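Asker: sequence and computational prediction follow.
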Amino acid sequence: DKPMTTKADADALMEQGDKHLKNKTFLFKKSPEYDKAADCFQKAAQIYRSPLVKAFDQAIAAFERAAEAHSSGGVHYNAATALESAGNILRDNKDVRKAASFYKRASDMYKRCDNVEKSCDATIKAAKAVSDEDVDQAIIYYLDAIEQYVSEEKHIFVGDTWRTCLNLMVRNRKLDEAVKLLEKMFSVFEKLEQADYLHKAQLSVVVIKVRRGGGSLDGRKGWGGQR
């Protein structure tokens, strides 16, 4: 068999996937073959997005169909990775808001299979995607990821995420939000027995409150780190 690499091959795979979804038993009872359908849609998506074809809209649609089939079959992890792949295409083609919406859907799907780290990673990708265009939405996404880590007792993973969020807040003069984030981190640093970070966060709150009325506060200094 020759390798499937053309748009026509991808179109044929999409049709094959639809047939699997419409599968019936010998008694004509509906019996969708979600796994086989998802496999067809996934393969079609890979061809559509390949350098030879570059049919990106169809690739996104195919990944979305794959995600739906995986989800219907109860394979939520694979559904999440398909949604994330669609998000990557959108991000690479500068449609950052739509990319973020796919990343967030992927995050919710990872949550359904109790994969907190992957769920947070996808939410952070959503935040990064929109951080230049929509600071407020990026902050919401970062805070969502931080909240997930903390609520699941995975404080050790908060790491660079809260620093990136804090720097974004400070650079954009979101000082009330910055204070709230720092105060939220007090308990995290206490739990991790990171006294230096705790004292630095407490001092930062004082500095922000003092400088709120004027002066300058550079979000690129002090906490470093990007994620």
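Answerer: Okay, I see it.

Asker: quick one: contacts for residue 42?
Answerer: 62, 63, 66, 82 (Cβ atoms under 8 Å, 6 or more residues apart in numbering). The C-beta positions use only the backbone N, C-alpha and C, and glycine is treated the same way.

Asker: before we move on, what about residue 47?
Answerer: Applying Cβ under 8 Å, 6+ apart to residue 47 gives the contacts 4, 5, 6, 7, 9, 10, 13, 53.

Asker: how about residue 195?
Answerer: Going by Cβ under 8 Å, 6+ apart, residue 195 touches residue 189.

Asker: pLDDT value on it, please?
Answerer: pLDDT recorded at residue 195 is 91.

Asker: what's the separation between it and residue 154?
Answerer: For residue 195, the distance to residue 154 equals 21 Å [Cβ to Cβ, to the nearest Å].

Asker: returning to that earlier point: show me the contacts of residue 42 that map onto helices.
Answerer: In this view, the contacts of residue 42 that belong to helices under DSSP state H are 62, 63, 66, 82.

Asker: with those in mind, which one is nearest to residue 92?
Answerer: residue 63 (13.3 Å; Cβ to Cβ).

Asker: show me the shaky parts of the chain.
Answerer: Residues of the chain meeting the criterion pLDDT under 70: 1-2, 27, 213-227.

Asker: helices along that one, start to end?
Answerer: 7-21, 34-48, 56-72, 76-92, 96-112, 116-130, 135-151, 159-171, 175-191, 195-211.

Asker: gap between the shortest one and the chain center?
Answerer: Which is helix 159-171. 17 Å (Cα atoms, centre = their mean, to the nearest Å).

Asker: residue 29: which of the contacts of residue 42 is nearest?
Answerer: Taking the contacts of residue 42 together and measuring to residue 29 by Cβ to Cβ, the closest member is residue 66, at 24.6 Å.

Asker: can I get the contacts of residue 47 in TSV with distance to residue 117 and neighbour count?
Answerer: What follows is the contacts of residue 47, written out as TSV (distance: Cβ to Cβ, whole Å; neighbours: other Cβ atoms under 10 Å):
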residue	distance to residue 117	neighbour count
4	34	14
5	35	13
6	38	14
7	36	16
9	35	16
10	32	25
13	32	22
53	33	18
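
Asker: in TSV: these, plus distance to residue 204.
Answerer: Output for the contacts of residue 47, formatted as TSV (distance: Cβ to Cβ, whole Å):
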residue	distance to residue 204
4	56
5	54
6	57
7	54
9	56
10	52
13	54
53	50
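
Asker: what's near enough to touch residue 64?
Answerer: Residues near residue 64 by Cβ under 8 Å, 6+ apart: 82, 83, 86.

Asker: I meant to write residue 40 there.
Answerer: Residues in contact with residue 40 (Cβ under 8 Å, 6+ apart) are 13, 14, 16, 17, 20.

Asker: related to what we said a few turns ago, farthest-separated two in the ones in helices among the contacts of residue 42?
Answerer: 62 and 82 (8.8 Å).

Asker: which residues are common contacts for the two?
Answerer: 42, 45.

Asker: returning to that earlier point: could I get the contacts of residue 40 in TSV, plus columns for distance to residue 116?
Answerer: Converted to TSV, the contacts of residue 40 look like this (distance: Cβ to Cβ, whole Å):
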residue	distance to residue 116
13	34
14	34
16	36
17	31
20	32
